[in-house]
Every structure is written in C-alpha cells, then in structure tokens.
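Colleague: Fold the following, please.
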Amino acid sequence: MANVKGAPKGARTPWQVTRSVWYAMFVREALSRTMGDRMGWFWMIFEPVALVSIMVGIRSFIRGGGFIANADFIPWMIAGLMGFFLVREGMIRGMGAIDGNKALFAYRQVQPIDPVLVRNFLEGSLRSLVFLIFIGGGLMLGLDLYPDNAIRVMAAWLSLWSLGLGLGLVTSVTATLVPEIGIVVRMISLPLLIISGVILPLNSLPHWLLEYLMLNPIPHGLETLRLGFFENYKVVQGTSMLYMWLFTFTLISLGLLMHLRFVDKLKAK
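Modeller: Next up, the predicted model:
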C-alpha cells in the first residue's frame, strides 16, 4: 500500500531521513570532540577556571572588592563566561563544520547545513554540562551559584544558545566562501569578550559609550542570565531580551537563506 505521496510501502519520510543523518553525524562529532582529543574536556573546564582566577586576582589587587551590584564577583563572572563561551563556540565551531564534513556531501541526503546544526547542538550540550559542573562545584565551595530564578536562567541560556546558532549559520557560509573572514572572526573573539561585559561590568562605563556597546546582543543575554542567579542584581541600562531575540531571529533567517542560496557552492568548495 502506497503512502499519500505515492511512495512505496516501507519508504522513509524526509523527516526520518533527516533525523537519521543528524543522529549519525551527532555520534560522529561527539566521538571526535570528546575522544579525539584527550585534552578536550580539560580545556573546556580549565579555560573558564583560569580566566576567573586571573580576573579575581587582578580585581583583588587593584580594588580589593568582591561584589558587583548585589552579586558576588566570582559567580557573576562564571555566569558571564559560561554564557559567552556558549555563543562563541557556536560561532567558531560553525565555521569549520562544512569543511570538516565535506566528504559526507557525496551522499545526497547530507546538506551543508546539517553539520552546522549538529555541531551547534553538540557544543551547546557540552557547554550546558560544563556549566552544571561549575554550579555544582561552586555550591560545594560555598559560592552563591544557586539560581534565584531557574526559569529565567534557562530562558537566558537557551537564548544565548540560539544566538550562537544564528552566528554559526552565517559564519559557516561566509568563512567557507571567503576563508579570510574566518581569521577575522577568530581575531575579534577576545575584544568581543571584553566589550560584552563578561569580565568587567558595563555599568561603570559612560552612558554615551554604553549606548554603542549595547548594540551588541550578547550583553543582553548575559545580564538576563545573571539576573536569574541574583534577583536583586542591577542589570545594565537598556538590557532587552526582545532586542536580543529580534537580532537572533534575523541572524537565523539570514543564515538559512544563505545556505539555500549558496548550497551548490558550499558543496563544491
């Protein structure tokens, strides 16, 4: 008996094919990411620990204070770093997804967008796990890392995850077609960390400068994430999740359109 579209009995639907492709690629990427490099897990945990330690040392030496706007400095920074890394990894890992899976495009079921989506999901899952490890470890060390509003934390986390997806979709196309763009994106990751208010509070900056920095959608997500941990935290003026989501939806739409427009070129690269 044929299905509605006239396909023979037992034939898989497009969604079933896509789901099988995503599952196979996820297993492949997960094994490569977690077992291909024995230092992979170490660096995912050591990088934020090292940055937090350095910044706590610098802050203690310069100012001697430990609090920022009704929030403990160390948990405040951990939340910012974890949220920023979630966005950054979505953006950077997306750039190498197409080149890293080029051999799979010989199968017509595999499209260039598939490895980008799979890598973003994998990186987000790993970063979420690392964040939970930090929260558990922080609580055992006596840090105030228990969220006051868990729903707001999860919503902000998913928002930052989506922003990383949008950036990854766009950079995966642009960096594949123009490799020099990938170099520029990696170069701006450090300045982006500074101007996003990850390690230094943006509230201390002049208002005229803050207006320009808040055009960057990342601080909006980070400030909302921190507000979920500290209910009395004073977020940066102008923080708006609506703005962040409009920016995110624009990036995702643009990325999807670019993948549709340049699909043949991406396969041929």
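
Colleague: what's the helix or strand harbouring residue 225 packed up against?
Modeller: Here residue 225 sits within helix 218-229, counting by DSSP states H and E. Using 3 or more Cβ pairs under 8 Å, 6 or more residues apart in numbering; DSSP states H and E, the elements in contact with helix 218-229 are helix 73-100, helix 150-177, helix 241-261. Using the backbone N, CA and C atoms, a C-beta is placed for each residue, glycine as well.

Colleague: For residue 183, which of those is the nearest?
Modeller: Among the helices and strands packed on helix 218-229, the nearest to residue 183 by Cβ to Cβ is helix 150-177 (8.6 Å).

Colleague: The very next helix or strand once past that closest one to helix 150-177, inter-axis angle?
Modeller: Later in the chain than helix 150-177, the nearest helix or strand by DSSP H and E is helix 179-187. Between helix 179-187 and helix 150-177, the angle comes out at 150 degrees (axes from the mean of the first three to the mean of the last three Cα atoms, to 10 degrees).

Colleague: Sort out which residues of helix 179-187 are buried, please.
Modeller: Residues of helix 179-187 classed as buried by neighbour count (16 or more other Cβ atoms under 10 Å): 181-182, 185.

Colleague: Leaving out chain neighbours, which residue sits closest to residue 29?
Modeller: residue 122 (5.2 Å; Cβ to Cβ, 6 or more residues apart in numbering).

Colleague: before we move on, back to that, what's the angle from the helix holding residue 225 to helix 241-261?
Modeller: Using the same axes, to 10 degrees: helix 218-229 against helix 241-261 is 130 degrees.

Colleague: Let me know the average pLDDT across helix 218-229.
Modeller: Averaged over helix 218-229, pLDDT sits at 95.

Colleague: between that helix and helix 73-100, how many degrees?
Modeller: 130 degrees.

Colleague: Centre of the chain to helix 218-229, how far?
Modeller: 14 Å (Cα atoms, centre = their mean, to the nearest Å).

Colleague: Quick one: residues in contact with it.
Modeller: The contact list for helix 218-229 (Cβ atoms under 8 Å, 6 or more residues apart in numbering) reads 71, 75-76, 79-80, 83-84, 87, 144-157, 159-160, 163, 192, 196-198, 202, 213-214, 233, 235-236, 239-241, 243-244.

Colleague: same thing but at 7 Å, please
Modeller: With Cβ atoms under 7 Å, 6 or more residues apart in numbering as the test, helix 218-229 has contacts from 71, 75-76, 79-80, 83-84, 87, 145, 147-149, 152-153, 156-157, 159-160, 163, 196-198, 202, 213, 233, 235-236, 239-241, 243-244.
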